[in-house]
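*Asks:* Take a look and give me a structure for this.
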Amino acid sequence: LHAFPLDAQMYVGVTHHLAAHPITPNLPGFGGTAVPEGEPSLDVYADAVAAELDQLNLERVVLGGTSMGGYVAMAFCRRHAERVAGLALIDTKASADAPEAADGRRTMARLMADEHTTQPLMDNLFPKLLGASTVSDRPEVVQQVEGWVRDAPPASAAYAQRAMAARPDSFDTLRAFNVPSLVVVGAEDVLLPPSDSEQIAEVLPDSELVVVPGVGHLSPVEAPELVATALSGLIVRVDE
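*Replies:* Okay, the predicted model is just below:
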C-alpha cells in the first residue's frame with residue numbers, strides 16, 4: 001500500500017527485485033481512481049483493499065504499507081485481521097497525530113481543496129520525503145518524486161490528510177497481532193524517524209526490524225532492492 005501523496009507506481013523498483021508477484025493497489029482517489037465520498041477515514045481505504053482482495057479471490061495475504069500505506073495496513077488489521085498472514089510496516093508510525101499535527105493536516109487539506117493545488121505539499125512535505133544522501137547523490141530520484149508529488153490530485157490529497165488526521169492510535173492492535181512481521185525504516189528518515197519504527201517493532205510479538213542505510217522516508221523508492229530483500233525474508237517466514 002503506497003505512501004502519501006504517491007500511488008502504486010512507487011513500488012516498481014521493489015516488484016522488479018521480488019520473486020513473488022505483489023499486488024500494489026491504488027488507494028481510492030490515487031492512480032486515477034475516484035475520491036471517496038463521505039467522512040474521510042482510513043477505514044474506507046482498508047475496506048477498499050479488502051474488496052479488491054475479494055475480487056481476486058484472495059482470503060489471506062502478506063500485507064505491507066509505506067507511511068500512509070502503513071496506517072491503512074494497521075486499519076486493515078483492526079477490521080480484517082483474519083486475512084493477514086504477515087505484516088510489513090515501512091517508514092510509518094503507530095501513534096495517532098498530536099493535536100497540533102492533526103490541525104496542520106486539516107489546514108493543508110483546506111488549502112488544497114479550496115485552491116485546487118498541491119503546492120502546500122511541495123512546500124511542506126516534499127523537502128522531508130527523501131534522505132540527505134539521496135538528495136545529494138541521486139538527482140533522478142529527487143526529480144521523479146517531485147513529479148509524483150506535483151501530480152497528486154488535490155481533492156484526493158485533501159481527503160487523505162483529513163483521514164490521517166482522524167486515525168486512532170494502533171499500538172494495542174499491533175500488540176495483539178501475532179503474525180510474522182517486518183518493520184523497515186530509512187536511517188535518514190526525518191519525517192518519521194527510526195525511533196517510531198523501533199516502537200512498532202517492540203510491540204509486535206513476532207517482528208524483525210530493518211534499518212536501511214543512506215535513505216529517508218521513501219525507502220522502497222530510494223533502496224528498492226534492499227527493501228525487496230527484506231520483504232522476501234518476511235515471505236519465507238510466513239511460509240515456514
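*Asks:* Please tell me I have it right and His116 contacts Ala152.
*Replies:* No - the pair His116 and Ala152 fails to qualify as a contact (C-beta atoms under 8 Å) at a distance of 11.9 Å. All C-beta spots, glycine's among them, are computed from the backbone N, C-alpha and C.
*Asks:* Between these two, tell me which one has more neighbours.
*Replies:* Per other C-beta atoms under 10 Å, whichever of His116 and Ala152 has more neighbours is Ala152, with 21 against 11.
*Asks:* Let me see the contact set for that one.
*Replies:* Residues counted as contacts of Ala152 (C-beta atoms under 8 Å, 6 or more residues apart in numbering) are 5-6, 30, 118, 121.
*Asks:* Mind pulling the model confidence for it?
*Replies:* Reported pLDDT at Ala152 in the predicted model: 95.
*Asks:* follow-up on the earlier one: what is the most widely separated pair among the contacts of Ala152?
*Replies:* Phe30 and Leu121 (13.1 Å; C-beta to C-beta).
*Asks:* what sits in contact with each of those two?
*Replies:* 5, 152.
*Asks:* okay, those two: which has more neighbours?
*Replies:* More neighbours surround Phe30 than the other of Phe30 and Leu121, with 24 against 21 (other C-beta under 10 Å).
*Asks:* Which residues are in contact with the spatially closest residue to that one that is not a sequence neighbour?
*Replies:* Among residues not flanking Phe30 along the chain, Asp7 sits closest, at 4.3 Å (C-beta to C-beta, 6 or more residues apart in numbering). Neighbouring residues of Asp7 by C-beta under 8 Å, 6+ apart: 26-27, 30-31, 148.
*Asks:* Which one (most neighbours) among the residues you listed?
*Replies:* Leu27 (28 neighbours).
*Asks:* which regions of the protein sit below the pLDDT cut-off?
*Replies:* For the chain, not a single residue meets the criterion pLDDT under 70.
*Asks:* Going along the chain, name the helices of it.
*Replies:* Per DSSP state H, the chain carries helices over the ranges 12-17, 42-55, 68-79, 99-115, 119-124, 126-129, 132-137, 139-151, 154-165, 171-175, 194-203, 219-222, 224-239.
*Asks:* Tell me how far stretch 70-83 lies from the chain's centre.
*Replies:* Centroid displacement of stretch 70-83 relative to its chain, using C-alpha atoms, centre = their mean, to the nearest Å, is 13 Å.
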